[in-house]
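output the structure for:
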Amino acid sequence: MKENNLRLLLSIDDRVIAEDIQATLEEYEIYTMLVSDNPASSVLGSYMGLNPIENIQIQINKNDYQQAVEILNDSDFNELLDNV
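The predicted structure follows:
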């Protein structure tokens with residue numbers, strides 16, 4: 001994905017939920033990019049068992065935005081789309 005073709009779907013502070021959303025969308029061939037404001041957090045979590053605070057942006061291709069919103073509205077993640 002080229003960066004200029006990306007659109008923010010939502011921001012979340014829970015990496016596990018972000019990865020679950022990513023997996024859900026990728027089942028429908030909507031590929032996502034997770035962008036953290038604290039890139040070291042995944043290393044700290046994996047190796048040290050820490051759960052540092054981070055904000056994760058879930059970005060998708062602009063052309064997939066409406067389909068992604070529809071998929072998430074029909075999923076367990078629909079309450080996260082209140083801002084969308």
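
could you use CA atoms for every contact and neighbour count after this?
Will do.

which secondary element of this structure has the worst mean pLDDT?
Least confident helix or strand, the chain: helix 41-48 with a mean of 51, by mean pLDDT, DSSP states H and E.

which ones are touching Leu81?
Leu10, Val69, Leu72, Asn73 (Cα atoms under 8 Å, 6 or more residues apart in numbering).

and of the residues you listed, the nearest to Ile56?
Leu10 (8.4 Å; Cα to Cα).

secondary structure element for Ser11?
strand 6-12 (DSSP states H and E).

skip the chain neighbours and tell me the closest residue to the residue nearest in space to the middle of the chain.
Closest to where the C-alpha atoms of the chain average out (Cα atoms, centre = their mean) is Ile58, at 3.0 Å. Nearest non-adjacent residue to Ile58, counting by Cα to Cα, 6 or more residues apart in numbering: Leu34, 4.9 Å away.

list phi and psi for that neighbour.
Phi and psi for Leu34, reported as degrees, to the nearest 10, are phi -100, psi 120.

what about it, how many residues nearby?
16 (other Cα atoms under 10 Å).

same question, Ile17
Here the count is done by other Cα under 10 Å, and Ile17 has 12 residues near it.

hmm, back to that, following the strand holding Ser11, which helix or strand comes up?
From strand 6-12, the next helix or strand downstream (DSSP H and E) is helix 15-27.

how near is the residue nearest to the centre of the chain to Val16?
Relative to Val16, Ile58 is positioned 12 Å away (Cα to Cα, to the nearest Å).

ditto for Tyr31
As for Tyr31, its distance to Val16 is 17 Å (criterion: Cα to Cα).
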